[in-house]
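Undergrad: Show me how the following folds:
(one chain, ligands or ions: 1)
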Amino acid sequence: MVETNDQWIVERTGIRERHILDKSQATSDMAIAAAKCALAQRGIEATEIQAIIVCTVTPDMLFPSTACLVQNGIGARGAWGFDLVAACSGFVYGTTTAAQLVASGTHRKVMVIGCDTMSRILDYTDRATCVLFGDGAGAVIVEAADEGEDAGFIDFMGEIDGSGGDFLKMPAGGSRNPASHETVENRMHFVHQEGQQVFKYAVRKMYETCRDLLARNGLTGEDISVMIPHQANRRIIDAASDRLGISPEKVLINIDAYGNTTAATIPLATRDAISRGLLKKGDIALLAAVGAGYTVGASLWRWAY
Ligand SMILES: CC(C)(COP(=O)(O)OP(=O)(O)OC[C@H]1O[C@@H](n2cnc3c(N)ncnc32)[C@H](O)[C@@H]1OP(=O)(O)O)[C@@H](O)C(=O)NCCC(=O)NCCS
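TA: Predicted coordinates:
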């Protein structure tokens, strides 16, 4: 489709494989599949879920929200919920929000889904973006810990910086530039990115945010059992984790198998951290993401099972 080659992609990004959703399906279909997996693994009914937070920048449509489609699709009768738009930081923001709902005492089980069908908003004539992104979804259930149990959410640090908004965006399809012949002709319904700007910001902010979050909790990189970073570019992850003093074997990398799936990278990487034996009961996990907006977020969790 474009002038590129495997060597450039692997060396500059770490990506070997990406997954593309079948044309007959949309983001909510993947989200529902992921939600059903999480429910089955936990062995509970959808009716036990009290709220559903769907983190995505590629909803089926602007409204109804994908959360509503998921609620109906899994039969989560009685749940409320909403979509959360924070691009690659979506899952870090969503899980933090869920933890606060649970901590407030008003909710016992909140489902958080990170899902994006990036292939629907990629310009497959733009080699600087089309090789980077793939489709995916992952779901978790955030629950109240038992009384006295040392597990769960520890802390979160976040920041948004709208001055970086022009460097990574989809310009049309909203109220600023509603769909028209002109927006389609000008390829404005696709991802536009100034890669180097985003790259430099991501390396700096992923490091600084994690550093400050660890310091605030009296921790160093050595105290972290596993770092689960957003998977945008292997070089961003390597640079940030190296400066944090987290040894490479504790850093979950699966960008080779999925590319950048936006809000889905961290739940997919969490699943892989568990299956690789990197995340066990009592371990401290550091989640970190930087994305369009700009949006930045990092969180610390003590794993509960
Ligand atoms: C996009 C990205 C991989 C590009 O890597 P880079 O090392 O910065 O490369 P540059 O943009 O400097 O481009 C270097 C050259 O490679 C070329 N190039 C870009 N994409 C290419 C591709 N797929 N195949 C071959 N060459 C490519 C560029 O055109 C440029 O050529 P030129 O020097 O002749 O102009 C990198 O900038 C990146 O990962 N950015 C952040 C992406 C990101 O994190 N996005 C999501 C945030 S959540």
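Undergrad: Contact residues of the stretch 101-250 of the chain facing the ligand?
TA: 127, 128, 131, 168, 195, 196, 198, 199, 202, 232, 233, 236 (C-beta under 6 Å from any ligand atom). Placement of C-beta: from N, CA and C, glycine included.
Undergrad: ok, the fifth one touching residue 127?
TA: To tie it back to what came earlier, the one meant is residue 195. No - with contact taken as C-beta atoms under 8 Å, residue 195 and residue 127 are classed as non-touching, separated by 10.7 Å.
Undergrad: Give me the below-cutoff pLDDT ranges for this protein.
TA: Per-residue confidence for the chain (pLDDT under 70) gives no ranges below the cut-off.
Undergrad: so where's the longest helix in it?
TA: helix 195-216 (DSSP state H).
Undergrad: Put the alpha carbons of that helix into CSV.
TA: Coordinates of the C-alpha atoms in helix 195-216 are reproduced here as CSV (Å, rounded to 0.1, in the frame of the first residue of the first chain):
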residue,chain,number,x,y,z
GLY,A,195,5.4,11.7,14.9
GLN,A,196,8.6,13.4,16.1
GLN,A,197,6.8,15.9,18.3
VAL,A,198,4.7,13.2,19.9
PHE,A,199,7.7,11.0,20.3
LYS,A,200,9.7,13.6,22.2
TYR,A,201,6.8,14.5,24.4
ALA,A,202,6.0,10.9,25.2
VAL,A,203,9.5,10.0,26.2
ARG,A,204,9.8,12.9,28.5
LYS,A,205,6.3,12.8,30.1
MET,A,206,6.2,9.0,30.6
TYR,A,207,9.5,9.2,32.5
GLU,A,208,8.6,12.4,34.5
THR,A,209,5.1,11.3,35.5
CYS,A,210,6.3,7.8,36.7
ARG,A,211,9.2,9.3,38.5
ASP,A,212,7.0,11.8,40.4
LEU,A,213,4.4,9.1,41.1
LEU,A,214,7.0,6.7,42.5
ALA,A,215,8.6,9.5,44.6
ARG,A,216,5.3,10.5,46.1
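Undergrad: Would you mark the buried spots in that helix?
TA: Burial within helix 195-216, assessed by neighbour count using 16 or more other C-beta atoms under 10 Å, is assigned to 195, 198-199, 201-211, 213-214.
Undergrad: residues in contact with that helix?
TA: 128-129, 155-159, 164, 167-168, 220-221, 223-224, 227, 229-230, 232-233, 235-237, 239-240, 243-244, 286, 288-290, 294, 296-300 (C-beta atoms under 8 Å, 6 or more residues apart in numbering).
Undergrad: Next, the residue most central in space within the chain: secondary structure please.
TA: In the chain, the residue lying closest to the centroid (C-alpha atoms, centre = their mean) is residue 263, at 2.7 Å. Three-state assignment for residue 263 (DSSP: H, G, I helix; E, B strand; the rest coil): helix.
Undergrad: so who does it touch?
TA: Residue 263 makes contacts with 55, 56, 57, 86, 87, 88, 90, 91, 94, 114, 115, 116, as judged by C-beta under 8 Å, 6+ apart.
Undergrad: okay, now the fifth one: neighbour count?
TA: Put plainly, it is residue 87. Around residue 87 there are 23 other residues, counting by other C-beta atoms under 10 Å.
Undergrad: Look up how far the ligand lies from it.
TA: From residue 87 across to the ligand, the span is 6 Å (C-beta to the nearest ligand atom, to the nearest Å).
Undergrad: repeat for the first one
TA: Residue 55 is 13 Å from the ligand, where distance means C-beta to the nearest ligand atom.
Undergrad: Okay, buried residues for stretch 243-258 please.
TA: Neighbour counts using 16+ other C-beta under 10 Å place 243, 244, 246, 250, 251, 252, 253, 254, 255, 257, 258 of stretch 243-258 among the buried residues.
Undergrad: Just give me the closest of those to the ligand.
TA: Of all the buried residues of stretch 243-258, the one with the least separation from the ligand (C-beta to the nearest ligand atom) is residue 255, at 10.3 Å.
Undergrad: Nearest residue to residue 270 in space, please, no chain neighbours.
TA: In space, residue 270 comes closest to residue 228 once its chain neighbours are excluded; the distance is 5.6 Å by C-beta to C-beta, 6 or more residues apart in numbering.
Undergrad: now swap in residue 70 and tell me
TA: By the measure of C-beta to C-beta, 6+ apart, the closest residue to residue 70 outside its immediate chain neighbours is residue 31, 5.0 Å from it.
Undergrad: Count the neighbours of the one you found for me.
TA: Here the neighbour count serves as a burial measure; for residue 31 (other C-beta under 10 Å) it reads 32.
Undergrad: same check, this time on residue 101
TA: 18.
Undergrad: Wait, a helix at it?
TA: Yes - counting by three-state DSSP, residue 101 is part of a helix.
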